[in-house]
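Novice: fold the following, please.
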Amino acid sequence: MAVPKKKVSPSRRGMRRSGHKMQGITYVEDQQTGELHRPHHVNLKTGMYRGKQILEPKSEF
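Specialist: As a prediction, the model looks like this:
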């Protein structure tokens, strides 16, 4: 069984974990209303998803 010969330094451990950080949430702009919403999610203000009415639009948010 493979065993490391030396202890991994904190610097090298940090370099390995550099891609683990959280990224900001991505938003896309609705082409018709200009509202921002999550990609591949229903726009809650209009109730539209991919050009189809899925939910009743909310009057108050």
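Novice: for the chain, which segments count as helices?
Specialist: All helices of the chain, identified by DSSP state H, fall at 10-16.
Novice: tell me who's in contact with the nearest residue to Glu35 once chain neighbours are set aside.
Specialist: Sequence neighbours aside, Lys45 is the residue nearest to Glu35 in space, at 5.4 Å (criterion: CB to CB, 6 or more residues apart in numbering). All C-beta spots, glycine's among them, are computed from the backbone N, C-alpha and C. By CB atoms under 8 Å, 6 or more residues apart in numbering, the residues touching Lys45 are Thr33, Glu35, His37, Pro57, Lys58, Phe61.
Novice: just give me the closest of these to Val3.
Specialist: Of all the contacts of Lys45, His37 has the smallest distance to Val3: 50.4 Å, by CB to CB.
Novice: how about the closest one, what does it touch?
Specialist: By CB under 8 Å, 6+ apart, the contact set of His37 is Tyr27, Val28, Asp30, Asn43, Leu44, Lys45.
Novice: that one bridge partners, please.
Specialist: Residues in a beta bridge with His37, per DSSP bridges, are Val28.
Novice: how far away is it from Lys7?
Specialist: Distance, His37 to Lys7, using CB to CB, to the nearest Å: 47 Å.
Novice: for Thr46, same thing?
Specialist: For Thr46 relative to Lys7 (CB to CB), the value is 56 Å.
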